[in-house]
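Novice: sequence and predicted structure below; questions after.
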Amino acid sequence: MTKLPSNLRQYHHRQRDFQVLIKRSRRKTLAIHILQTLQVEVRAPLHCPVSEIDRFLDMRLDWIVSSLEHMASHPLTPEPTFCDGEWHDYLGVPHQLQLIRGKPDTVLLGTGSLLVRCAAPSDGEQVQRLLERFWRQRAPDIFQQQISASQQRFALTPAVGELRVRKMKARWGSCSRAGDICLNSLLVQKAPVAIDLVVTHELCHLSHFAHNKAFYGLMDTVMPTWREHEALLNQPSWRTALS
């Protein structure tokens, strides 16, 4: 039998074989990423013990297999073009883009619509910038309200420091040991229960910074259904038409 490299793990779980690549970097927490190629990666801090990485993976095998099966059965989603008539979610509800030429640049939220006015409505990059600015402006109030609501489920209310909001490529949220929480501005496109999941996840980190047994035990206590909602974070927040 060929010995695997130290940064590779081989699993057989729920009748499925897959490998997990361990990638270390200057990060603070463990995270699992499943690429469009169905490659599974666990991204870990530089000095995280191997035993902690293995425990983290063992607790997430069901989720990994479910995600692999879902991605294998669904075709790749093309990138949005931010054109007139395209659908983009806001708080999990589809809204159709209505693009018009004019000044000043603005985005108006309607019932089932997002009206975007700008100098060049045919320029997808310009429309994208305006939409992302709109998400960023809406995000702080939405996130702060959700933090307050999520805190009420804890026996001991987690003390949150500063709330930061920014667009992130690879994370929905993060927190620091000082108690500051950073949330992805694009999260406002997701359903409220998905936002609750991310917020609750970060609040639990204020008590247990690592993804360990105590952390997941607290997650199970304050949000018993959290595993059922994870798939909402992987669903695309846009589509060309409603089915």
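Specialist: Yes, it's here.

Novice: what distance do you get for the residue nearest the centre of the chain to residue 232?
Specialist: Averaging the C-alpha coordinates of the chain gives a centre point, and the residue nearest to it by C-alpha atoms, centre = their mean is residue 172 (3.6 Å). According to C-beta to C-beta, to the nearest Å, residue 172 stands 11 Å off from residue 232. (Glycine included, C-beta is placed from N, CA and C.)

Novice: select the longest helix from the chain.
Specialist: Assignment by DSSP state H gives helix 124-151 as the longest helix of the chain.

Novice: what's next to the very next helix or strand once past it, contact-wise?
Specialist: Going down the chain from helix 124-151, the next helix or strand is strand 163-166, by DSSP states H and E. With C-beta atoms under 8 Å, 6 or more residues apart in numbering as the contact definition, strand 163-166 has outside contacts at 136, 139-140, 143-144, 147, 180-185.

Novice: residue contacts, the residue nearest to residue 138 when sequence neighbours are not counted?
Specialist: The shortest distance from residue 138 to any residue that is not its chain neighbour, by C-beta to C-beta, 6 or more residues apart in numbering, is 5.4 Å, and that residue is residue 188. Under the criterion of C-beta under 8 Å, 6+ apart, the contact list for residue 188 reads 90-91, 135, 138-139, 142, 195.

Novice: again, only using 10 Å
Specialist: 89-92, 134-143, 165, 195, 237 (C-beta atoms under 10 Å, 6 or more residues apart in numbering).

Novice: just residue 240 next, same as before
Specialist: When contacts are counted by C-beta under 10 Å, 6+ apart, residue 240 is found next to 78, 80-81, 83, 85-87.

Novice: re earlier: mutual contacts of residue 172 and residue 232, please.
Specialist: Common neighbours of residue 172 and residue 232 (C-beta under 10 Å, 6+ apart) are 190, 194-195, 197.

Novice: the residue nearest to residue 138 belongs to a helix?
Specialist: Yes - applying DSSP: H, G, I helix; E, B strand; the rest coil, one finds residue 188 inside a helix.
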